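Novice: sequence plus predicted model, see below.
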Amino acid sequence: MTPPRINCYQCRHFYITWDKSFPNGCKSYGFKSKSLPSLFVYESSAAPCAFFQPKPGRNAPEP
């Protein structure tokens, strides 16, 4: 079964780390990984990422 397509680059919890071994991070789950966090979550739990929230637009007010 293919994982659901969740683009971490569009998520407000995603960040790029300074760690060359683990360049991608997720603030919600609190980890760093080599692959995109959504793929890591799916591989380890067989469930799609539950914390995905789209980044606000440039002109969108913060909730």
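Specialist: Great, that's in hand. Residues are numbered from 1 along each chain as shown.
Novice: center of the protein, which residue is that?
Specialist: Nearest to the mean C-alpha position of the chain, counting by CA atoms, centre = their mean, stands C8 at 3.9 Å.
Novice: tell me which other helices or strands the helix or strand bottoming out on mean pLDDT in the chain touches.
Specialist: In the chain, the helix or strand scored least confidently by mean pLDDT, DSSP states H and E is helix 37-45, which has a mean of 91. With contacts taken as 3 or more CB pairs under 8 Å, 6 or more residues apart in numbering; DSSP states H and E, helix 37-45 sits against strand 24-26, strand 31-33. (C-beta placed from N, C-alpha, C; glycine too.)
Novice: which residues touch the spatially closest residue to F22 that is not a sequence neighbour?
Specialist: Setting aside the residues directly before and after it, F22 is nearest to K32 in space (CB to CB, 6 or more residues apart in numbering), at 3.7 Å. Residues in contact with K32, defined by CB atoms under 8 Å, 6 or more residues apart in numbering, are T17, D19, F22, P23, N24, G25.
Novice: any quick PyMOL command for the buried ones out of these?
Specialist: To isolate in PyMOL the members of the contacts of K32 that are buried, counting by 16 or more other CB atoms under 10 Å, one can use:
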select buried, resi 24+25
